[in-house]
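J.: Make a model of this:
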Amino acid sequence: MDLIVDDSNPIGSVSEELEEDYDSLITRLPSYDPDPLYRLHPATSSVLGQPAISASGWSIYTSKRPIMSASEIERATSRIEIPMPEMIFGHNYVVVSHDLSGWSLGFNTVDALDLVTKHGNPQGGLVRVSYSDAWMKDKAKSSDEVHQVVKPFDWTYTTPYCGTPTLNTTKFTKSTDSLPYDRLRRPDPILYFDDIVLFEDELGDNGAALYSVKIRVMAERLLLLARFFLRVDDVLFRVRETRLFVEFADNTILREYTIKEGPYSTIKRKVPVTARDHGLYLRDPDWISQALPVIDSFTERSQISS
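T.: Here you go, the predicted structure:
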């Protein structure tokens, strides 16, 4: 559970390059849509059912269900216009909600995939491996809905997704604050913990792409970590992390988005020389996240009035 807290990553000022990325990201983030297939964290708790836990006026809703059915995958593919990952848990979600105000931020599978780059020049930034073209053609054959879509899509499923708000969610604004790791390092009892996978793909045996959400709730605060993890064998590692922190006493909300990336060979050299199984390290998203350099990061703040 301690792996959810990464206090080794410095939070610096936002660079000009990331300023542009931030503006682009914010305009692309999903807004609330009442269609339950594509926005799987509705605005009313009555639809979500009973919370997994409630604490100090906040409720956490989670869902862990099997992969989507063939008909659901077909609908999602038609909507998103890219082939779906091998394992898509479209009914999984995590929702953090303030009971009184209705403030809510959720993480669900289809919204995450909807931000994957759907077309573009692969020489303009899409990751390539020796047989990625053949793999993309094979993926496209798996769904008739995709034949009309401009190719290539980002076959690594890299997504900048950092949550879906509801109608009552107060907007985030950029902040110079950083997460209070001093409080998060306290040995407070953990009242609730969960680790939920949204989607996973082995990239045609070229590596792995995984989006997962961890959440832990203590008596006075909560921390959520939503992480996209990418390993392209012999090419690169990539991590996109969103941390959501809520302090219950004053309803302060911080959202931190961090970009990490590095060459496969560089990270491989960081594996301890005494390790019997190097692959065990290279398949571990927590270890990779610690080993990767931080490219840049920004923090946002939202406040709920008492």
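J.: Output the helix or strand where residue 111 lies as PDB - backbone C-alpha positions only.
T.: Assigned by DSSP states H and E, residue 111 belongs to helix 109-114. Extracted as PDB, the C-alpha positions of helix 109-114 are listed here (Å, rounded to 0.1, in the frame of the first residue of the first chain):
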ATOM      1  CA  THR A 109     -12.200   2.700 -19.000                       C
ATOM      2  CA  VAL A 110     -13.900   4.200 -22.000                       C
ATOM      3  CA  ASP A 111     -13.100   7.800 -21.200                       C
ATOM      4  CA  ALA A 112      -9.500   6.800 -20.700                       C
ATOM      5  CA  LEU A 113      -9.400   5.100 -24.100                       C
ATOM      6  CA  ASP A 114     -11.200   8.000 -25.800                       C
END
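J.: Would you pull up how far it lies from the middle of the chain?
T.: 9 Å (Cα atoms, centre = their mean, to the nearest Å).
J.: In that helix, which residues are buried?
T.: 109, 110, 111, 112, 113, 114 (16 or more other Cβ atoms under 10 Å). For glycine as for every other residue, the C-beta is placed from the backbone atoms N, C-alpha and C.
J.: Max pairwise distance over the residues you listed: which two?
T.: 109 and 114 (9.6 Å; Cβ to Cβ).
J.: For residue 95, report the pLDDT, please.
T.: At residue 95, the pLDDT value in this model is 93.
J.: To which secondary structure element type does it belong?
T.: The assignment at residue 95 comes out as strand when based on DSSP: H, G, I helix; E, B strand; the rest coil.
J.: burial of residue 182, as a residue count?
T.: Counted with other Cβ atoms under 10 Å, residues neighbouring residue 182 total 8.
J.: got the phi/psi numbers for it?
T.: The phi/psi pair for residue 182 (degrees, to the nearest 10) reads phi -60, psi -40.
J.: Tell me the spacing between it and residue 176.
T.: Counting by Cβ to Cβ, to the nearest Å, the separation of residue 182 from residue 176 is 17 Å.
J.: now do residue 100
T.: With distances taken as Cβ to Cβ, residue 100 is found 28 Å from residue 176.
J.: Residue 209 too?
T.: From residue 209 to residue 176 the distance is 32 Å (Cβ to Cβ).
J.: and what of residue 84?
T.: 39 Å.
J.: pLDDT below threshold where in the protein?
T.: 1-47, 120-152, 167-169, 306 (pLDDT under 70).
J.: circling back to that earlier point, which of the buried residues of helix 109-114 sits closest to residue 92?
T.: The closest of those, once distances to residue 92 are taken by Cβ to Cβ, is residue 109, at 6.1 Å.
J.: Check which residues of stretch 52-69 are buried.
T.: For stretch 52-69, by 16+ other Cβ under 10 Å, it's 52-56, 58-63, 67-68.
J.: Reformat these as a markdown table; add distance to residue 194 and secondary structure.
T.: Below are the buried residues of stretch 52-69 laid out as a markdown table (distance: Cβ to Cβ, whole Å; DSSP: H, G, I helix; E, B strand; the rest coil):
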| residue | distance to residue 194 | secondary structure |
| --- | --- | --- |
| 52 | 7 | coil |
| 53 | 9 | strand |
| 54 | 15 | strand |
| 55 | 14 | strand |
| 56 | 18 | coil |
| 58 | 15 | strand |
| 59 | 14 | strand |
| 60 | 8 | strand |
| 61 | 11 | strand |
| 62 | 5 | strand |
| 63 | 10 | strand |
| 67 | 18 | coil |
| 68 | 20 | coil |
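J.: what about the strands in the stretch 51-200 of the chain?
T.: For the stretch 51-200 of the chain, the strands defined by DSSP state E, counting those that start in this stretch occupy 53-55, 58-63, 87-88, 93-98, 104-108, 164-165, 173-175, 192-201.
J.: and the ones you listed as CSV, adding distance to residue 268?
T.: Shown next, in CSV, are those (distance: least, Cβ to Cβ, whole Å):
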stretch, distance to residue 268
strand 53-55, 40
strand 58-63, 35
strand 87-88, 26
strand 93-98, 32
strand 104-108, 30
strand 164-165, 35
strand 173-175, 35
strand 192-201, 22
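J.: Compare the ones you listed and give me the one nearest residue 153.
T.: Between the strands of the stretch 51-200 of the chain, strand 192-201 lies closest to residue 153; by Cβ to Cβ that is 12.4 Å.
J.: That closest one: partners in the sheet, and parallel or antiparallel?
T.: strand 87-88 (antiparallel), strand 207-217 (antiparallel) (DSSP bridges).
J.: most tightly surrounded among the strands of the stretch 51-200 of the chain?
T.: Ranked by mean neighbour count, the strands of the stretch 51-200 of the chain are led by strand 104-108 with a mean of 26 (mean count of other Cβ atoms under 10 Å).
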